[in-house]
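Trainee: no sequence on hand, only this structure:
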């Protein structure tokens with residue numbers, strides 16, 4: 001009788017322990033869910049605020065871009081590539097991008113407020129899919145419309161300004177520019193011919209004379225030729241895609 005009572009107590013204790021384990025796991029799952037929601041809330045809020053800055057804070061980034069525009073103009077002139085006037089209207093260009101940031105950020109934020117973790121995962125998958133599509137579109141834009149340092153179309157000016165500002169070269173590397181239909185890669189000055197391997201915009205220092213060595217014979221010291229400009233999922237860290245994505249319009 002005593003043995004049975006002791007065995008019964010053991011079974012009860014085991015059941016109680018199992019219930020405690022289940023309760024603890026449930027609590028841990030709840031904490032993880034809250035953390036995931038909180039992280040996505042921050043991402044959504046960052047996107048929303050970033051969109052507002054892009055939409056209404058043109059003076060912030062125009063102050064950084066104007067010196068680069070002047071530097072490109074001077075380099076084109078001193079390199080014997082002609083005379084160009086770079087006037088990149090960032091506010092107008094970034095307007096569609098700002099709406100995307102505002103809407104996407106607000107959507108993610110609202111979904112996480114309601115605790116829709118499953119939906120948040122799907123949103124993340126959609127964002128990754130969108131980034132892959134964006135990456136491909138950026139490269140296609142380069143192939144079709146990039147025209148070099150002296151190009152005055154939107155894609156050329158955009159990439160040149162961004163690559164100088166972000167110290168990168170294309171989406172993945174200089175190879176993104178290989179085969180670009182409208183990019184002139186051969187220049188002859190007197191008896192010297194330069195066959196460009198990278199755009200001049202990828203040079204760490206823009207040429208101030210007809211010496212185009214930094215683009216015809218690039219290396220890690222004189223060129224950003226292998227610097228990846230596209231970093232997936234690194235909010236606030238991705239280089240070229242942060243601005244150039246809007247040049248697809």
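Mentor: Alright, I've got the coordinates. Note that the structure is a prediction, hence the values are computed from the model and not measured.

Trainee: CA only for contacts and neighbour counts going forward, please
Mentor: Noted.

Trainee: for the residue lying closest to residue 87 once chain neighbours are set aside, what are phi and psi?
Mentor: Distance criterion Cα to Cα, 6 or more residues apart in numbering; nearest residue to residue 87, sequence neighbours excluded, is residue 69 at 7.3 Å. Residue 69 adopts backbone torsions of phi -60, psi -50, taken as degrees, to the nearest 10.

Trainee: residue 106 now?
Mentor: Backbone torsions for residue 106, taken as degrees, to the nearest 10, come to phi -70, psi -40.

Trainee: pretty sure it contacts residue 42?
Mentor: No. Counting by Cα atoms under 8 Å, residue 106 stays clear of residue 42, with 10.6 Å between them.

Trainee: looking at the two, which one has more neighbours?
Mentor: Comparing residue 106 with residue 42 by other Cα atoms under 10 Å, the one with more neighbours is residue 106, at 21 against 16.

Trainee: ok, that one - contacts?
Mentor: 44, 45, 47, 48 (Cα atoms under 8 Å, 6 or more residues apart in numbering).

Trainee: of those residues, which belong to helices?
Mentor: 44, 45, 47, 48 (DSSP state H).

Trainee: pretty sure residue 161 contacts residue 65?
Mentor: Yes. In terms of Cα under 8 Å, residue 161 counts as a neighbour of residue 65; the distance is 6.9 Å.

Trainee: any common contacting residues for these two?
Mentor: With Cα under 8 Å, 6+ apart, residue 161 and residue 65 have no common neighbours.

Trainee: so for those two, which sits in the more crowded spot?
Mentor: Taking neighbours as other Cα under 10 Å, residue 161 and residue 65 compare with residue 161 leading, 26 against 19.

Trainee: and the closest residue to the more buried one other than its chain neighbours, how many neighbours?
Mentor: What sits nearest to residue 161 in space, not counting adjacent residues and going by Cα to Cα, 6+ apart, is residue 68, at 6.2 Å. The tally of other residues near residue 68 (other Cα under 10 Å) stands at 18.

Trainee: surely residue 68 meets residue 166?
Mentor: No. When contacts are counted by Cα under 8 Å, residue 68 is not listed as touching residue 166 (11.0 Å).
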